[in-house]
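Asks: have a look; sequence and predicted model below, questions after that.
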Amino acid sequence: MTSDVTQQKGPRVMLGRLARLDTSRYIVYVGFLAIFAFFALALQGDGFLTRSNLVNIVQETAPITVMAVGMVFALTAGEIDLSIGSVVAISALVAAVTMQNHVWELGVVAGLAAGAAIGLMNGALVAYLRLPSFLVTLASMGLLAGVGRWLTNLRSIPVTDPTFTGMFGAGSLFGVPSLVIWTIAATITGHFVFRESKFGAHVLATGDNHRAARAAGIGVDRLRLGVLVISAMGAALAGLLYAGRLYGARYTLGDSDLLTVIAAVIVGGTRLNGGTGSVVGALIGSLLMGMLNNGLILMGLTVAEQMMVRGLIILVAVATTLREKRS
Amino acid sequence: MSSEPVLSLQSVHKMFGGITAIQEFSLDIMPGEIVALVGDNGAGKSTLVKIISGVQPMTTGRMVIEGKAVSFRDPAESQHHGIQVVYQDLALADSQTVYMNLFLGRELTRGPLRRLDRRRMIAETEALMKDLDVRIPSAGTVIRDLSGGQRQGIAIARATRWASNLVLMDEPTAALGVAETMRVESIIAGLRARRRSILLVSHNLDQVFRLADRICVLRHGEQIGIRRTDEVTRNEIVSMITGLA
């Protein structure tokens, strides 16, 4: 790269550009199709390819997708949010408890407000006390897991409001299941903000080179606060989706989602240390995780076997993605 | 040349604790002029750069822009007064495209949703790159795929794009190879033809003689003198820098 500045034109540039055509950005699509094809063939008689099973995959992964969209912002800005799993439980519990005595609308507002408050707390500590987000959100993950247990004495809180469970769970609009609608809405909104707004451009620049971003007049501190609020809000919405689908909330909700979300986002082409990201990639990554879940169950693997296979596949996927990126 | 300087430093003085970093520095930079600031390490060049770019305040003295006394509390205020800095370590976002870097923090948008207007940013970037003769494959190229010289060309183009008064260049070629340095120098020379005012901080005396109209020498925080490039020899400047006759 250091060689000649003046004559870098013609075939060398073309070749260089081809070689640098970031394959990692597309590998998730290829992997997705490959695994899809594999399950389609291997599970021909087991109903993998039926419409209801495929829609079911999308519905099952809706909370993961919503969280993944939020996580794209955090990771791209060079931050990370480890507290999302706990935020899911808190938001679901707060909404469920509120709905026991109040209208469902208030439950939704309370659940989302809980998420926003946690995001603001995380963000303020990161942006204004200059603490690393990894440690701040690691601490709030633990703290909030305790709060969730204490809040409800380890009990489950039922959610019975039919409007709520319809809107955030089993319902549908014009024949489209609501969880599919939430998936689409989160992806489109996230993609638009990420790719088409100044805020999205600033998230990318800050994660890429925060000194350059600051020198260009971008409010880096406020932006860091912003991405952690977005991430927490994504998790809060995921909490509502769980509560709606399961007709109740429990402190265990979301507690195994963190790694799935991070895997989905990384496999989808977002860099772990910032500067590059993709919302659509995160959606595909999330669907990939859901498809693995579904396919492995249909193949009759025991839970232990599923976990091992899933771990291995994620390892292979992440390794491929990151290796491609380094070159 | 019009008579009003784009930037006038009058008796600028800077102390760090009890230590004098700059004593009594005065300089007028005229429109379309390239002034070089030279001096050994620790002479106070970086301190002056920091004062003009708003990173540090001066202790006493006056800074006058367009006839008005100004003082900068932060870099944003300096930028607001039409001053842009090109750093040697290239303040560019590597994974982003050329045009997004050029418009970093000042992205163009369109429509009620304020969507990024990529087409206009690309068009303006390509026009500017052509105008300044910065040779890059395209405005959509990612910075990481460019050479050091091309990157510095972009940093200079960006500063030029947004500087209405003065471009401050802090060792703009220190990190570059020979061919790249020549390329960047020709871009800087092209700026003079456009009557842009530049304050150039450089260790490289050959470069200073090639580019500057006047040379200002600092030694141990003291302003030794200002000479017109065409009326001074290299040896005189060297002895002003070192203090040895």
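Replies: In hand now; what should we look at?

Asks: residue closest to the middle of chain B?
Replies: In chain B, the centroid-proximal residue (Cα atoms, centre = their mean) is B:L168; its distance is 1.8 Å.

Asks: can I assume that one sits in a strand?
Replies: Yes - the assignment for B:L168 (DSSP: H, G, I helix; E, B strand; the rest coil) places it in a strand.

Asks: identify the bridge partners of it.
Replies: Beta-bridge pairing for B:L168 (DSSP bridges): B:V85, B:L199.

Asks: surely it meets B:S53?
Replies: Yes - with contacts counted by Cβ atoms under 8 Å, B:L168 reaches B:S53, the gap being 6.0 Å. C-beta: built from backbone N, CA, C; applies to glycine.

Asks: quick one: name whatever helix or strand follows whichever strand or helix holds B:L27.
Replies: Using DSSP states H and E, B:L27 maps to strand B:19-29. Taking DSSP H and E as the definition, the helix or strand that follows strand B:19-29 towards the C-terminus is strand B:34-39.

Asks: pairing partners for that following strand, with directions?
Replies: With DSSP bridges as the test, strand B:34-39 is paired with strand B:197-201 (parallel), strand B:214-219 (parallel).

Asks: residues of chain B that sit close to chain A?
Replies: Contact residues (Cβ under 8 Å from any Cβ of the partner chain) of chain B with chain A: B:75-76, B:79, B:85, B:87, B:91-96, B:100-101, B:104-107, B:109, B:113-116, B:135, B:137, B:142, B:145-150, B:177, B:179-180, B:183.

Asks: just the buried subset of these, please.
Replies: Buried by 16 or more other Cβ atoms under 10 Å in any protein chain shown: B:75, B:79, B:85, B:87, B:91-96, B:100-101, B:104-105, B:107, B:116, B:135, B:137, B:142, B:145-150, B:177, B:179-180, B:183, out of these.

Asks: rewinding a little: in helices only, show me the residues of chain B next to chain A.
Replies: Here DSSP state H is the test, and the residues of chain B next to chain A give B:75-76, B:79, B:100-101, B:148-150, B:179-180, B:183 as lying in helices.

Asks: relative to its centroid, which residue of chain B is most remote?
Replies: Most peripheral residue of chain B (Cα atoms, centre = their mean): B:P112, 36.5 Å.

Asks: including mean pLDDT and mean neighbour count, could the strands paired with strand B:34-39 go into a markdown table?
Replies: Below are these laid out as a markdown table (pLDDT from 0 to 100; neighbours: other Cβ atoms under 10 Å in any protein chain shown):
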| stretch | mean pLDDT | mean neighbour count |
| --- | --- | --- |
| strand B:197-201 | 94 | 25 |
| strand B:214-219 | 94 | 22 |
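
Asks: out of those strands, the one nearest A:T183 is which?
Replies: strand B:197-201 (53.6 Å; Cβ to Cβ).

Asks: what sits up against that closest one?
Replies: For strand B:197-201, contacts defined as Cβ atoms under 8 Å, 6 or more residues apart in numbering or on different chains pick out B:6-7, B:29-38, B:45-46, B:49, B:52, B:165-172, B:188, B:191-192, B:208, B:211-212.

Asks: quick check: residues of the stretch 101-250 of chain A near chain B?
Replies: A:192, A:195-198, A:200-202, A:204-205, A:208-209, A:211-213, A:215-218.

Asks: tell me the phi and psi of the most centrally placed residue in chain A?
Replies: A centroid search over chain A (Cα atoms, centre = their mean) returns A:A68, at 0.9 Å, as the residue closest to the centre. Torsion angles at A:A68 (phi, psi; degrees, to the nearest 10) stand at phi -60, psi -40.

Asks: would you agree it is in contact with A:A282?
Replies: Yes - using Cβ under 8 Å, A:A68 makes contact with A:A282 at a distance of 4.1 Å.

Asks: what's the overlap in contacts for the two?
Replies: A:264-265, A:268.

Asks: enumerate every residue touching A:G275.
Replies: Contacts of A:G275 (Cβ under 8 Å, 6+ apart): A:76, A:78, A:204, A:207-209, B:93-96.

Asks: switch to 7 Å and redo it
Replies: A:76, A:204, A:207-208, B:95 (Cβ atoms under 7 Å, 6 or more residues apart in numbering or on different chains).

Asks: mind checking how far the residue nearest to the centre of chain A is from B:D89?
Replies: Distance, A:A68 to B:D89, using Cβ to Cβ, to the nearest Å: 35 Å.

Asks: again with B:R228
Replies: Relative to B:D89, and taking Cβ to Cβ, B:R228 is found at 31 Å.

Asks: kindly report the same for B:I188.
Replies: In terms of Cβ to Cβ, B:I188 sits 18 Å off from B:D89.

Asks: comparing those two, which residue is more hemmed in?
Replies: Neighbours were counted for B:I188 and for B:D89 using other Cβ atoms under 10 Å in any protein chain shown; B:I188 has more, 26 against 12.

Asks: so that one touches B:L211, yeah?
Replies: Yes - with contacts counted by Cβ atoms under 7 Å, B:I188 reaches B:L211, the gap being 5.7 Å.

Asks: hmm, which two among the ones in helices among the residues of chain B next to chain A are most spread apart?
Replies: Maximum pairwise distance among those (Cβ to Cβ): 35.6 Å, between B:A76 and B:A179.

Asks: all strands of chain B, in order?
Replies: With strands called from DSSP state E, chain B shows them at B:7-16, B:19-29, B:34-39, B:60-65, B:68-70, B:83-86, B:109-110, B:115-116, B:166-170, B:197-201, B:214-219, B:222-228.

Asks: quick one, phi/psi of B:L176?
Replies: Dihedral angles (degrees, to the nearest 10) for B:L176: phi -110, psi 160.

Asks: okay, A:T61 and A:A238: tell me how far apart.
Replies: According to Cβ to Cβ, A:T61 and A:A238 sit 10 Å apart.

Asks: these two: who's more crowded?
Replies: A:A238 (32 against 25).

Asks: quick one: classify the more buried one as helix, strand or coil.
Replies: Here A:A238 is recorded as helix under three-state DSSP.
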